[in-house]
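[1] here is my input, please return the structure:
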Amino acid sequence: MSFAPVRLGNTVLEAETAAADRKSCRRFGPCGVGEKALYLNDLLIDRHFYVGFGSVRRVFKRVAMSQGGFSGKGAFGSIPYLVVQYDDGQEKQCTFKREEDVDELLAYLGQVHPEIPRLSVGGEQRLAKKAQQEASRYLKELTPQAQSVREELERARKFLSGYPELTAQLAAAAKAKRINEHTNPAYRWVALAIVLAGAAALVYGIISWRGGSDFGVYFALFGFAAVFFFSGAHVLPTAKNNRRAVERAWDEAQAAMANVLPEDFPLPARYAHPIVLDRMIRILREGRAQSKEEALDVLKADLRALTADVQVEQEEHDEVVVIKPLFLVSDYQ
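    Sure, this is the predicted structure:
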């Protein structure tokens, strides 16, 4: 049985229509994009609310930094949110586990509803200011060699735009491999102990309940069991969360990308991502390189210099967290 989602905003959908639209919506993490509405989560239930597109005024990403507030430091620790503004200034904020899900939702929303702004008002102002600042950084005219390389990279970027799933898979596989390589093996033993403690609490709680003990005792034990299970299970090695599996996923992502790339593509498959090409084009326009090889070397140097202690803008953060793992797991080769 499918229950109708709860309405937010003034746009009303029939209960059956809303339930069917939610069922068939394109899902991104706990939220979704349907034909008639956006579907948003609450604390416990995914896609519990809906906001009809007639009420949606603005949808954008908000990132809370885990270190230093919004100072721009701690570029690799953040909590992503999807923010939906509707009707007369009302707002709903949804927490996501993966920032990539927010980005993919916004990209898809831009395809099906390009009329909906996908930046906050402040974001639009910052983007306009940044565009002015960037224009002052770029050369008015490139050398013939640099202009030719720029056009080649722009064609490559356009080609990759036709394979968003492959580029997303490549970035996700690199990130998973990077995390796995830098997870202390001792943490897995700690996680195993936590899960076993949860199992013991669960068993003891059941025994206490069947023996007629006080309700509060076994309720607390069940709660401890749940906390231990959820806190430890995601660290334990599984069929997908182990070194061999993440390495295989990385190899498969590179192979899938290599299968679609033309022979004259300007980048190896391991770096074939639109953001890499965007940054190389910027390097050419700034006059810091004259060839694609030089532009790639400059990009590698830029990424090496961007550590967790470096202050960055939000747009810079969004790009770096996607592409830096590609270079780290490849040892910048």
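[2] what are the phi and psi values at Y81?
    Per-residue torsions, Y81: phi -130, psi 150 (degrees, to the nearest 10).
[3] contacts only, for it.
    Residues in contact with Y81 (CB atoms under 8 Å, 6 or more residues apart in numbering) are 61-64, 93-96, 102. All C-beta spots, glycine's among them, are computed from the backbone N, C-alpha and C.
[4] swap in P5?
    Counting by CB under 8 Å, 6+ apart, P5 touches 18-19, 22, 39, 47-50.
[5] can you flag which of those belong to strands?
    Those of the contacts of P5 mapping onto strands are 39, 49-50, per DSSP state E.
[6] now for the contacts of P5, which pair is the farthest apart?
    Pairwise distances across the contacts of P5 (CB to CB) peak at 13.0 Å, for the pair A19 and F49.
[7] ok, the two, which is more surrounded?
    Neighbour totals were compared for A19 and F49, and F49 leads with 21 against 16 (other CB atoms under 10 Å).
[8] which strand residues bridge the more buried one?
    On the basis of DSSP bridges, F49 is bridged to V6, L40.
[9] E313: neighbour count?
    So E313, with other CB under 10 Å, has 11 neighbours.
[10] how close does it sit to E154?
    According to CB to CB, to the nearest Å, E313 and E154 sit 24 Å apart.
[11] go on, N180?
    N180 is 35 Å from E154, by CB to CB.
[12] same deal with V63?
    Counting by CB to CB - V63 and E154 are separated by 29 Å.
[13] neighbour count: these two, which is higher?
    When neighbours are counted by other CB under 10 Å, V63 and E154 differ, and V63 comes out ahead with 16 against 13.
[14] that one reaches H317, doesn't it?
    Yes. Using CB atoms under 8 Å, V63 makes contact with H317 at a distance of 7.2 Å.
[15] between those two, what contacts are shared?
    With CB under 8 Å, 6+ apart, V63 and H317 have common neighbours S78.
[16] remind me which helix or strand K130 belongs to.
    Following DSSP states H and E, one finds K130 within helix 121-137.
[17] which other helices and strands contact that helix?
    For helix 121-137, the packing partners by 3 or more CB pairs under 8 Å, 6 or more residues apart in numbering; DSSP states H and E come out as helix 314-329.
[18] please spell out which residues along the helix it packs on are buried.
    For helix 314-329, the buried set under the neighbour-count rule, 16 or more other CB atoms under 10 Å, comprises 314, 316-329.
[19] all helices for this protein, in order.
    Remark: helices assigned in the chain by DSSP state H are 15-23, 99-112, 121-137, 144-160, 164-181, 185-210, 215-233, 243-260, 274-285, 292-305, 314-329.
[20] quick one: mean pLDDT over the first one.
    Across helix 15-23, the average pLDDT comes to 93.
[21] for stretch 37-56, same thing?
    93.
[22] would you turn the ones in strands among the contacts of P5 into TSV with distance to L109?
    Converted to TSV, the ones in strands among the contacts of P5 look like this (distance: CB to CB, whole Å):
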residue	distance to L109
Y39	12
F49	16
Y50	14
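[23] which of those lies closest to R118?
    Nearest member of the ones in strands among the contacts of P5 to R118, counting by CB to CB, is Y39, at 17.0 Å.
[24] so what's Y108 up against?
    Contacts for Y108 (CB under 8 Å, 6+ apart) come out as 26, 28, 33.
[25] mind listing which of those residues are in strands?
    Assigned to strands by DSSP E, the following of the contacts of Y108 qualify: 26, 28, 33.
[26] how near is the last one to D101?
    Between V33 and D101 the distance is 12 Å, computed by CB to CB.
[27] how about low-confidence regions in this structure?
    Filtered on pLDDT under 70, the chain yields the residue ranges 1-2, 65-77, 182-242, 312.
[28] repeat the analysis, applying 80 as the threshold.
    Per-residue confidence for the chain (pLDDT under 80) gives these ranges: 1-3, 64-78, 130-131, 133-135, 179-243, 307-315.
[29] which residue is nearest the middle of it?
    Nearest to the mean C-alpha position of the chain, by CA atoms, centre = their mean, lies E100 at 1.5 Å.
[30] quick one, what contacts that residue?
    Going by CB under 8 Å, 6+ apart, E100 touches 168, 171-172, 322.
[31] report the buried members of the contacts of Y81.
    By neighbour count, with 16+ other CB under 10 Å, the contacts of Y81 hold 61, 63, 94, 96, 102 as buried.
[32] the last one: what's it in contact with?
    Contact analysis of V102 by CB under 8 Å, 6+ apart lists 28-29, 61, 80-82, 96.
[33] from those residues, which is closest to Q290?
    For the contacts of V102, the nearest to Q290 is K61 (35.5 Å; CB to CB).
[34] can you give me the end-to-end span of stretch 81-91?
    12 Å (CA to CA, to the nearest Å).
[35] more neighbours: which of V33 and D101?
    Set side by side, V33 and D101 show more neighbours around V33, with 21 against 17, by other CB under 10 Å.
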